[in-house]
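Novice: Below are the sequence and a predicted model; questions follow.
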Amino acid sequence: MTRVAIVGVTGYIGRSLLNEFFLEKDRFVVSLFSRSISKVEDLISTMPHAHTYECKNLNDFSHGSYDVIINCTGVGDPSVLKKNPSSIFAITEEMDALILSYITKHQETLYINISSGAVYGSNTKDPITSSTPAVVSFVEMTPYDYYAVAKINSEAKHRAMNNSHIVDLRVFAFFSSLVDQDSGFFMSEVARAILNKKVLITTDQDMVRDYSCPKDLFSLISLVIKKKTVNDFFDVYSKAPVTKFEILDFCKKVYGLEYSIQKSEVATGITKSYYSTNTKALSLGYTPAFTSLEGIQTEMEKMLNKK
């Protein structure tokens, strides 16, 4: 049995991975760490498999023994970043330092960090490739720039520790049935409009996103665990990206979504591409099972069935 510690389990991606680990309960023993055990217990209380997880206080993290540590900590919600942009530095650095301290003393442990496509900065006019550099403006920085720098800083430290087993998985977009409907993500707004039968107000500016789903992300995590002796990064991708209006039209047809388009204040006709064509994860044997739209449909139907 592989002993797995998950930090940041109350976050969007962290909680979305729990069911996938349960389905592989014969392979993994999972410990969930948080400053508030009661918060984690409340989170998993509605899950039929809650008893399979050990909930532990973060203060006890350094005293445990783990084969794999997965760090799902982060502040990616645009609305939270806008209100408190400095929080991303404190949160990212604190958890990363805690885990790096542990693996320095336990060299055999694998550290999987859920990173972000934000490490490429504002260089997202075109799809990311294997040669795309990071571009971050240090003049009139935005909350998104702060987020990018925090992620770049972590990954730089990880690559410098080249004798340690550390993998950064760069998630560009993610959707699961456990989405926080009050967050500032586009798919959160779509889900909220469908569930509440409200009209979604959106701009006429299109965009391209590559939404990973829990099953595909878990598949990649499993392959990294199998490899174990690696210090590298991998961009996370689905079988195919999707445009905003493809999502809207699909949700209108299948779920009865109503939406209204308002003219954007910025120039239209420019598609902002936030996805990667760097398929380096193929070297691990990673083959995503879902396109972005298929993943959205699978998770949306889970969410609607819970209503």
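Specialist: Sure, I can see it.

Novice: can you pull the pLDDT of residue 271?
Specialist: Residue 271 is assigned 50 on the pLDDT scale.

Novice: let me redo that: residue 118
Specialist: On the pLDDT scale, residue 118 gets 91.

Novice: Burial check on it, number of neighbours?
Specialist: 26 (other Cβ atoms under 10 Å). C-beta coordinates here come from the backbone N, C-alpha and C atoms, glycine included.

Novice: same check, this time on residue 4
Specialist: Residue 4 has 23 nearby residues by other Cβ under 10 Å.

Novice: got the contact list for the one helix or strand it maps to?
Specialist: Residue 4 is located in strand 2-7, with elements delineated by DSSP states H and E. Residues from elsewhere that reach strand 2-7 (Cβ atoms under 8 Å, 6 or more residues apart in numbering): 14, 17, 21, 27-33, 58, 61, 64-73, 95, 98-99, 225.

Novice: Toward the C-terminus, what is the element adjacent to that strand?
Specialist: The first helix or strand that comes after strand 2-7 along the chain, using DSSP H and E, is helix 12-23.

Novice: And that following helix, what's buried?
Specialist: 12, 13, 14, 15, 16, 17, 18, 19, 20, 21, 22 (16 or more other Cβ atoms under 10 Å).

Novice: In the protein, which residue sits furthest out from the middle?
Specialist: Within the chain, residue 263 marks the point farthest from the mean C-alpha position, 30.2 Å out by Cα atoms, centre = their mean.

Novice: How about it, nearest residue that isn't a chain neighbour?
Specialist: Spatially, and ignoring its direct neighbours in sequence, residue 263 is nearest to residue 204 (5.6 Å; Cβ to Cβ, 6 or more residues apart in numbering).

Novice: re earlier: now the buried residues of helix 12-23 as TSV including pLDDT and distance to residue 105?
Specialist: Output for the buried residues of helix 12-23, formatted as TSV (pLDDT from 0 to 100; distance: Cβ to Cβ, whole Å):
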residue	pLDDT	distance to residue 105
12	91	30
13	94	27
14	93	24
15	91	29
16	94	30
17	95	26
18	93	27
19	90	32
20	94	29
21	94	25
22	90	30
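
Novice: coming back round to it: tell me the backbone dihedrals of the residue farthest from the centre of the chain, please.
Specialist: phi -70, psi 130 (degrees, to the nearest 10).

Novice: On the pLDDT front, check it for me.
Specialist: 84.

Novice: One more: residue 34?
Specialist: For residue 34, pLDDT reads 88.

Novice: for the stretch 201-307 of the chain, what spans make up the helices?
Specialist: Along the stretch 201-307 of the chain, counting by DSSP state H, counting those that start in this stretch, helices occupy 214-227, 244-255, 292-306.

Novice: would you turn these into a markdown table with mean neighbour count?
Specialist: Output for the helices of the stretch 201-307 of the chain, formatted as a markdown table (neighbours: other Cβ atoms under 10 Å):
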| stretch | mean neighbour count |
| --- | --- |
| helix 214-227 | 19 |
| helix 244-255 | 16 |
| helix 292-306 | 18 |
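
Novice: Can you tell me which of those has the worst average pLDDT?
Specialist: helix 292-306 (a mean of 94).

Novice: what sits up against that helix?
Specialist: Contacts of helix 292-306 (Cβ under 8 Å, 6+ apart): 173, 175-179, 187, 191, 194-195, 209-216, 238-242, 246-247, 250-251, 254-255, 290.

Novice: Okay, now the unreliable bits of the protein?
Specialist: 75-81, 123, 265-271, 307 (pLDDT under 70).

Novice: wait, what's in contact with the residue nearest to residue 14 when sequence neighbours are not counted?
Specialist: By the measure of Cβ to Cβ, 6+ apart, the closest residue to residue 14 outside its immediate chain neighbours is residue 72, 3.4 Å from it. Residue 72 is in contact with 6, 7, 8, 9, 11, 13, 14, 17, 114, counting by Cβ under 8 Å, 6+ apart.

Novice: circling back to that earlier point, so which of the contacts of helix 292-306 are in strands?
Specialist: Among the contacts of helix 292-306, the residues falling in strands (DSSP state E) are 173, 209, 211, 212, 242.

Novice: Identify the farthest-apart pair in these.
Specialist: 212 and 242 (11.7 Å; Cβ to Cβ).

Novice: These two: which has the busier surroundings?
Specialist: A side-by-side neighbour count of residue 212 and residue 242, using other Cβ under 10 Å, places residue 212 first with 26 against 22.
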